[in-house]
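**Student:** With the sequence up front, the predicted model follows.
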Amino acid sequence: MSDMLGRPWIFQYFTEISENYHHKFSDVPVDPRIKRAQIAEFITYPSSPNDIIWAWLSDGRNIIPAMFTPESIVGIGAREEAIFGDPKDLELEPDMFLWMKDMREHANSRYLLKHPKEHQDPPENDNGPRPAP
């Protein structure tokens with residue numbers, strides 16, 4: 001049944017993104033090629049028709065979290081299928097781990113640049129007034 005998914009594509013897709021776009025996901029064009037995947041597990045469930053759904057998405061080799069808008073899930077049905085293949089978290093791939101780690105560090109540094117006062121370390125040698133012993 002895992003042949004229904006076709007060839008694994010997640011690793012190659014993210015490798016191409018990391019090599020060509022680095023940290024600029026907004027620059028990644030929509031890929032016109034059809035990609036098959038299995039929703040392995042829902043992370044969130046909608047409480048209204050307009051809710052976004054998060055799920056683990058598998059190509060049979062790797063598994064990644066994916067977001068689905070209400071428009072993207074029209075016609076998707078659940079069939080209680082077993083998980084195809086033996087997918088591993090994409091972050092377990094050594095090259096992907098390093099890239100994702102770097103992405104998180106850059107995301108944190110951008111946040112710190114936008115909110116510097118919230119994350120200032122206390123001064124080490126504060127010579128201000130001290131309580132009496």
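**Tutor:** That came through, no problem. Residues are numbered from 1 along each chain as shown.
**Student:** ok so M67 is a strand residue?
**Tutor:** Yes - assessed by DSSP: H, G, I helix; E, B strand; the rest coil, M67 belongs to a strand.
**Student:** Look up how far M4 lies from it.
**Tutor:** 23 Å (C-beta to C-beta, to the nearest Å). All C-beta atoms are positioned from the backbone trio N, CA, C, and that covers glycine.
**Student:** what's the burial count for the residue nearest to Y45 when sequence neighbours are not counted?
**Tutor:** Setting aside the residues directly before and after it, Y45 is nearest to I53 in space (C-beta to C-beta, 6 or more residues apart in numbering), at 7.1 Å. I53 has 18 neighbours, counted by other C-beta atoms under 10 Å.
**Student:** Hmm, E71 and I53 touching each other?
**Tutor:** No - using C-beta atoms under 8 Å, I53 makes no contact with E71, being 11.5 Å away.
**Student:** Surely I63 touches E91?
**Tutor:** No - when contacts are counted by C-beta under 8 Å, I63 is not listed as touching E91 (9.7 Å).
**Student:** Kindly tell me how buried A40 is, as a neighbour count.
**Tutor:** Neighbours of A40 using other C-beta under 10 Å come to 19.
**Student:** Phi, psi for it please.
**Tutor:** Note on A40: its backbone torsions stand at phi -80, psi -40 [degrees, to the nearest 10].
**Student:** so what's the closest residue to W54 other than its chain neighbours up against?
**Tutor:** Among residues not flanking W54 along the chain, I43 sits closest, at 4.0 Å (C-beta to C-beta, 6+ apart). I43 sits next to 54-56, 65 when contact means C-beta atoms under 8 Å, 6 or more residues apart in numbering.
**Student:** Out of those, grab the one that's most surrounded.
**Tutor:** Highest neighbour count within the contacts of I43, by other C-beta under 10 Å: A55, with 21 neighbours.
**Student:** Quick one: end-to-end distance for stretch 71-84.
**Tutor:** End-to-end distance for stretch 71-84, by C-alpha to C-alpha, to the nearest Å: 25 Å.
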